[in-house]
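Undergrad: With the input below, show me the fold.
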Amino acid sequence: MHVLRRFFAYGFVWLLLWWLLSKGQAASWLVGGPTVLAAAGISVWLAPPWGWRWKLGGLARFVWHFGCASLAGGADVAWRAIHPGLPIDPRMMEYESRLPAGTARVFFANVISLCPGTVSAHVRGSLLRIHVLDGQQPVRARLAELERAVGALFGAELPPEDPRAGGAL
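TA: Next up, the predicted model:
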């Protein structure tokens, strides 16, 4: 039963993707139908069983946090780009993630790269190396808040923050 549920979940995702790519044209389903079924079957076969679930309350918190942070970060990056003095102070910094190893931590590292002004450059275990556009900003506090939002999304309990953890390189 679990495999069938995964098949339908993957099938739904592939169906939506095909519908978007084909712009909803009915004639495309002659090829799309078998393609979606094959993609769902291969996904079930290749992907490991789900070991996590998103929490609904955590999803709402994450979406709100990520949306607000993206808008504020985008405005900040745009302002810096058009400012005559180009006020940037690029740095590499290290951040010790408190998320459990696996999907939640990988998701966190990828979301960092989606936030304006930050890029995950390297991940080794729980240590993330991050390129920041302005090292003078409270990047560490923002990363900690994003990490808490990702933790809530995955239902992960985070250990207390270590105030001595990492810094600019």
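
Undergrad: What helices and strands are in contact with the helix or strand hosting Ser113?
TA: Per DSSP states H and E, Ser113 falls inside helix 103-114. For helix 103-114, the elements it packs on are helix 56-82, strand 118-124, strand 127-132, helix 139-154, judged by 3 or more Cβ pairs under 8 Å, 6 or more residues apart in numbering; DSSP states H and E. All C-beta atoms are positioned from the backbone trio N, CA, C, and that covers glycine.

Undergrad: how distant is that helix from the center of its chain?
TA: Computed by Cα atoms, centre = their mean, to the nearest Å, the chain-centroid distance of helix 103-114 equals 4 Å.

Undergrad: what does stretch 118-137 rub up against?
TA: Residues from elsewhere that reach stretch 118-137 (Cβ atoms under 8 Å, 6 or more residues apart in numbering): 73, 77, 80, 87-99, 101, 105-106, 108-110, 112-113, 116-117, 139, 143, 166, 168-169.

Undergrad: Using PyMOL, make a named selection holding only the buried ones among those.
TA: Buried residues among those (16 or more other Cβ atoms under 10 Å), as a PyMOL selection:
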select buried, resi 73+77+80+88+91+93+94+95+97+98+99+105+108+109+112+116+117+139+143+166
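
Undergrad: Cheers, nothing more for now.
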